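1. prediction below, plus the sequence it came from.
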Amino acid sequence: MKIDVKHIAELSRITLTKEESEKFTPQMETILESVTVLKDVDTKGVQPMKDRITFKDLRNDEPKAGLTQEDVLKNAPHKEDGFVKVYGKIFGGIEES
Amino acid sequence: MMSNEKYDVIIGLEIHIQTNTKSKMFCNCPTGYFHKEPNTHVCPVCMGLPGALPLPNKRAIELCTLMGLATNCDIANEIHFDRKHYFYPDLPKGYQISQYKRPICSDGYIDLDSDIRVEIERIHQEEDVAKSTHHTEKDTDKEYSLIDYNKSGVPLIEIVTKPCIRSAKDAKDFATKIRQIARYLGISDADMEKGQMRCEPNISVQEKGKWEYKDGMILPIGEYKLNAKVEVKNIGSITAVEKSIEYEVERLIGEIENGKDIVQQTRGWNADKGKTEFQRSKETADDYRYMPEPDIPVIEVSEDDIDRISKEMVELPDEKIKRYINDWDISQYSAEVISSTIENARYFEELQKVLSNSLDEKNAATEASNWLMGTVYSIGNLDIDINDLAVLILAFKDGVLTKNKAEEVLKDCIENNKDISDEVEKVKSEREDTLSNIDDIVKEVINNNPKAVSDYKGGKEATIGFLVGQVMQATKGTANPNEVRDILINELKK
């Protein structure tokens, strides 16, 4: 099974060297091949295993306080004025949603 | 315009609306983040920490469903959430929980005033991302972003139209109508400047007769190669929806006329410069690697659930306008202004109801409409007590005071915080006083204005207006000018 490591790296905004690409490509292909084994399992007549709930089981809309700003920022390697600070170039200030 | 001669404009709109809930889409963090300290409405779920479990917000799903019902959509009987992957600092999990193939609402439409139907492909539920601002470090010249996760996880619905909109004006009208419906139903305040509503048009221009619209898609005819579409972001107002599309259409036609190929791209609207600016090209299709969200079960929606949500439906502006015109003979323009917000419409309907205790139904509606359109809206105050306003209007109808005097009383009461009913009573008693000696006042005016009197008697009948004015002035506007006129004419006959 072929894998486009360069494309996967771009999607994750990671730059790989040529050496890294060459090293990771067969590794990732091996992982994919291992998972592909699942395709051979006969699932005829087996229902998809996905839980079901009804509307009334949904969470009620009640606000509760979460973490303090101090706690939130504990895991951030960089911070500034209460914000999480992230280095790197972002294309054109586009907000995705 | 060039576009009308040779090209057709093809627009599809994506509208995101933050819905009005108290807590976020998948956690209990409070939603109201405007002007709040950064990163204070955050928990492990909306921060994307490993192992956190998203729990869908019932109210958010009700509001999404309500929007679907208001726009004639089919409502799914099962709700499925999916993960949409992309890597960006405003998205802490590395994916957004959204809906892929099975949105809550699908196949809807709304009709614009111009009798144009805009087809809605889908309305799905998702979550908002964090707010990021981009900067450059002064000493190192390094670029960086500052992230506030308070907005991360706020419930967001996305309304997607089919590419069936044909002009910038129709796109603006559609966005306006969606905003109005969202506000009428309390789904959202939909304030574009605050980012509670965002419009992203997809625009392309195609040569006339070379394409067709089939099954919700734009298809080329024969050998024609469709021009690529452009997506415009950063639109901060309803006006900018129209302006940015107009600009972009002219730009695209200019490019094509100059023999250039259009590259599929995202552009940003720069409101200060009044133009769109290139942001990035989309040479390859987006690769979001959607997969079913394994942490959220399938949610079953019963007919009872939909019935319960339908009870929140209110009469929408289009229906109100029709009713005002058909039942009460209100003009199209007045009906549109009155129904533009639910607050205006409610005030009008209540005033009409109170007035109908004394006037017939149509007359009550006409008076209510005239007073709102002519006076109350220009004062810009809907806090005026409806019963008080009705007292004033009825006093005017009874001839107790003139329209000018009534407006004067109204403004005086608002500015000086006086009670309207008290003031009307005062005017009434003043008027009774004046009326009891109106004959004396009339005589006095006649004696003081011999020139006008002789002019009138000499055949210049228009002079009567001047004399009426003098009497009105002497009575401080409390007398009824028609009555004054009759008394004067009688007196002058003597």
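-> Arrived safely.
2. going forward, measure contacts between C-alpha atoms and count neighbours the same way
-> OK.
3. show me where chain A has its strands.
-> Listed in chain order, the strands of chain A (DSSP state E) span A:52-54, A:79-80, A:83-87.
4. B:Val337 is nearest to which of the ones you listed?
-> strand A:52-54 (42.0 Å; CA to CA).
5. can you pull out the low-pLDDT segments for chain A?
-> Within chain A, the segments meeting pLDDT under 70 span A:89-97.
6. whoops, I mixed them up, the stretch 201-350 of chain B
-> B:283-285.
7. got the residues of it near chain A?
-> By CA under 8 Å from any CA of the partner chain, the residues of the stretch 201-350 of chain B that approach chain A are B:233, B:279-280, B:287, B:294, B:297-302, B:305.
8. which ones are touching the residue minimising distance to the centre of chain A?
-> Residue closest to the mean C-alpha point of chain A, counted by CA atoms, centre = their mean, is A:Ser12 at 8.8 Å. Shown in contact with A:Ser12 (CA atoms under 8 Å, 6 or more residues apart in numbering or on different chains): B:86-87.
9. hmm, try it at 6 Å
-> With contacts defined as CA atoms under 6 Å, 6 or more residues apart in numbering or on different chains, the neighbours of A:Ser12 are B:Phe87.
10. same thing with A:Asp61?
-> Applying CA under 6 Å, 6+ apart, the residues near A:Asp61 are B:23, B:57, B:59.
11. one more: B:Ser358?
-> Contacts of B:Ser358 were listed using CA under 6 Å, 6+ apart, and none were found.
12. residue 26: how many residues sit nearby?
-> As the question left the chain open, I've gone with chain A. Look at A:Pro26: counted by other CA atoms under 10 Å in any protein chain shown, it has 15 neighbours.
13. that's the other chain; I wanted chain B
-> Neighbour count of B:Phe26, defined by other CA under 10 Å: 24.
14. need the residue closest to the centroid of chain B.
-> Mean-position check on chain B, CA atoms, centre = their mean. Result B:Gln180 at 4.0 Å.
15. okay, now residue 74: neighbour count?
-> I went with chain A, as the question did not name one. 11.
16. correction: the question concerned chain B.
-> By the criterion of other CA under 10 Å, B:Asp74 has 17 neighbours.
17. in contact with it, which residues are there?
-> Contacts of B:Asp74 (CA under 6 Å, 6+ apart): B:105-106.
18. ok, back up a step: can you put the strands of chain A in TSV and add distance to B:Asn202 and mean neighbour count?
-> Supplementary listing: the strands of chain A in TSV, determined by distance: least, CA to CA, whole Å; neighbours: other CA atoms under 10 Å in any protein chain shown:
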stretch	distance to B:Asn202	mean neighbour count
strand A:52-54	36	15
strand A:79-80	36	13
strand A:83-87	31	21
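19. returning to that earlier point: which of the residues of the stretch 201-350 of chain B next to chain A sits closest to A:Thr25?
-> B:Asp287 (19.3 Å).
20. quick one: mean pLDDT for the helix or strand harbouring B:Leu488?
-> Counting by DSSP states H and E, the element that carries B:Leu488 is helix B:481-493. Mean pLDDT, computed over helix B:481-493, is 85.
21. contacting residues around it?
-> Residues outside helix B:481-493 that contact it (CA under 6 Å, 6+ apart): B:Val468.
22. got the buried residues for it?
-> For helix B:481-493, the neighbour count (16 or more other CA atoms under 10 Å in any protein chain shown) marks B:481, B:484-485, B:487-488, B:492 as buried.
23. put the alpha carbons of that helix into PDB.
-> In PDB, the C-alpha atoms belonging to helix B:481-493 read as follows (Å, rounded to 0.1, in the frame of the first residue of the first chain):
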ATOM      1  CA  PRO B 481     -58.300  74.300  14.800                       C
ATOM      2  CA  ASN B 482     -61.400  73.200  12.900                       C
ATOM      3  CA  GLU B 483     -63.700  74.300  15.700                       C
ATOM      4  CA  VAL B 484     -61.800  77.600  16.000                       C
ATOM      5  CA  ARG B 485     -62.200  78.100  12.300                       C
ATOM      6  CA  ASP B 486     -66.000  77.600  12.600                       C
ATOM      7  CA  ILE B 487     -66.300  80.000  15.600                       C
ATOM      8  CA  LEU B 488     -64.200  82.700  13.800                       C
ATOM      9  CA  ILE B 489     -66.300  82.500  10.600                       C
ATOM     10  CA  ASN B 490     -69.500  82.800  12.700                       C
ATOM     11  CA  GLU B 491     -68.100  85.700  14.600                       C
ATOM     12  CA  LEU B 492     -66.900  87.500  11.500                       C
ATOM     13  CA  LYS B 493     -70.400  87.200   9.900                       C
END
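24. A strand includes B:Glu119, no?
-> Yes - read with DSSP: H, G, I helix; E, B strand; the rest coil, B:Glu119 is one of the residues of a strand.
25. chain neighbours aside, what residue packs nearest to B:Glu336?
-> B:Ile321 (6.2 Å; CA to CA, 6 or more residues apart in numbering or on different chains).
26. what residues does chain A put near chain B?
-> Residues of chain A lying close to chain B (CA under 6 Å from any CA of the partner chain) are A:12, A:51-55, A:58-69, A:82-89, A:92.
27. distance check, the residue nearest to the centre of chain A against A:Lys6.
-> To A:Lys6, A:Ser12 is 10 Å away according to CA to CA, to the nearest Å.
28. so the closest residue in space to B:Lys229 that isn't next to it in sequence: helix, strand or coil?
-> Closest residue to B:Lys229 apart from its sequence neighbours, by CA to CA, 6+ apart: B:Ser204 at 4.5 Å. When classified by three-state DSSP, B:Ser204 comes out as strand.
29. on that earlier part again, can I get the residues of the stretch 201-350 of chain B next to chain A in a markdown table with distance to B:Trp211?
-> Below are these laid out as a markdown table (distance: CA to CA, whole Å):
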| residue | distance to B:Trp211 |
| --- | --- |
| B:Lys233 | 26 |
| B:Gln279 | 28 |
| B:Arg280 | 27 |
| B:Asp287 | 27 |
| B:Pro294 | 41 |
| B:Pro297 | 43 |
| B:Val298 | 40 |
| B:Ile299 | 41 |
| B:Glu300 | 41 |
| B:Val301 | 40 |
| B:Ser302 | 42 |
| B:Asp305 | 42 |
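30. narrow those residues to those in strands?
-> B:233, B:279-280, B:298-300.
31. what is the most widely separated pair among those?
-> B:Gln279 and B:Glu300 (41.0 Å).
32. name whatever forms a beta bridge with the residue nearest to B:Lys229.
-> Taking DSSP bridges as the rule, B:Ser204 bridges to B:Ile10.
33. residue of chain A closest to chain B, please.
-> A:Tyr87 (4.2 Å; CA to the nearest CA).
34. how about that residue: what's its closest non-neighbour residue?
-> In space, A:Tyr87 is closest to B:Tyr144, 4.2 Å off (CA to CA, 6+ apart).
35. lovely, talk soon.
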